[in-house]
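A.B. asks: Sequence first, then the predicted structure:
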Amino acid sequence: MVKFEEWLIAHREQINTAAYGLFEDSLRCMKFDIDRPAYLMAYQGMIRHIRDVIVFGERPSTFTEAAWNDLLKGLTLDNPDVKWDDNTYDRIRQGAEKGSRHPKVINMPDDARNKFPYWRELRNVCAHNKEYIFLKAHTLTLYAFIQQFLLRISVEGGFQTLLNQLDDFYNPVLTPPGEDDSELIKRIPSMVEIG
């Protein structure tokens, strides 16, 4: 739990503000042994962050502009009829099944994508208070997953996202010469899988 808290503080600027608040609330619950809400908030924070990754990401070439805009309508936060969290989960899983005719919306390692049904199943266990032995370890495992993968998940891929950020930073039209690039350099281990 301490490692997740340290990771969260170190990457505050890279995490959606609403997601960051959910992660903080999750940690508070963990500290007071309120296990199921701790998991729910961590899960919801992860989904909220990924939702923003999709909404603010570059449209993949595998989607027409109309199809992409239609997909984004399902992720809106200001319409109570839209279940943005369910739709975000569906976009995470889209194209994951072998032989799928639908293109993937976001770029992430397949082993990470394949864990999402498990995370969602545990979320349902917590949300609906299902008969299940739920342990603090479940939340700690989700924390470890978030630390390892969350910042590598993007529409174009964590590596490409970082390259785009560096390209913008070193563009003299967008960033004055001499600006400190240390914050971008610190992002490399969290956004790029090394090895």
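C.D. replies: Sure thing, it's come through.
A.B. asks: Apart from its neighbours in sequence, what residue is nearest residue 113?
C.D. replies: Closest residue to residue 113 apart from its sequence neighbours, by C-beta to C-beta, 6 or more residues apart in numbering: residue 96 at 5.2 Å. The C-beta positions use only the backbone N, C-alpha and C, and glycine is treated the same way.
A.B. asks: For the one you found, give its distance to residue 110.
C.D. replies: For residue 96, the distance to residue 110 (C-beta to C-beta, to the nearest Å) stands at 7 Å.
A.B. asks: Those two: which is more packed in?
C.D. replies: Set residue 96 next to residue 110 and count neighbours by other C-beta atoms under 10 Å: residue 96 wins out with 15 against 9.
A.B. asks: In contact with that one, which residues are there?
C.D. replies: 104, 110, 113-114 (C-beta atoms under 8 Å, 6 or more residues apart in numbering).
A.B. asks: Does the most centrally placed residue in the chain lie in a helix or a strand, and which?
C.D. replies: Centroid-nearest residue in the chain, with C-alpha atoms, centre = their mean: residue 50, separated by 3.5 Å. Taking DSSP states H and E as the definition, residue 50 sits inside helix 35-55.
A.B. asks: just how off-centre is that helix within its chain?
C.D. replies: Taking C-alpha atoms, centre = their mean, to the nearest Å, one finds helix 35-55 lying 7 Å from the centre of the chain it belongs to.
A.B. asks: Against which helices or strands is it packed?
C.D. replies: With contacts taken as 3 or more C-beta pairs under 8 Å, 6 or more residues apart in numbering; DSSP states H and E, helix 35-55 sits against helix 17-31, helix 65-73, helix 84-93, helix 116-127, helix 136-149.
A.B. asks: Output the last one as PDB - backbone C-alpha positions only.
C.D. replies: So that's helix 136-149. What follows is helix 136-149, C-alpha atoms only, in PDB (Å, rounded to 0.1, in the frame of the first residue of the first chain):
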ATOM      1  CA  LYS A 136      -7.200  -6.600   1.400                       C
ATOM      2  CA  ALA A 137      -4.900  -8.600  -0.900                       C
ATOM      3  CA  HIS A 138      -7.300  -8.200  -3.800                       C
ATOM      4  CA  THR A 139      -7.000  -4.400  -3.600                       C
ATOM      5  CA  LEU A 140      -3.200  -4.600  -3.100                       C
ATOM      6  CA  THR A 141      -3.000  -6.700  -6.300                       C
ATOM      7  CA  LEU A 142      -5.100  -4.100  -8.200                       C
ATOM      8  CA  TYR A 143      -2.800  -1.300  -6.900                       C
ATOM      9  CA  ALA A 144       0.200  -3.300  -8.200                       C
ATOM     10  CA  PHE A 145      -1.500  -3.600 -11.600                       C
ATOM     11  CA  ILE A 146      -2.300   0.100 -11.700                       C
ATOM     12  CA  GLN A 147       1.300   1.000 -10.900                       C
ATOM     13  CA  GLN A 148       2.600  -1.300 -13.600                       C
ATOM     14  CA  PHE A 149       0.200  -0.600 -16.400                       C
END
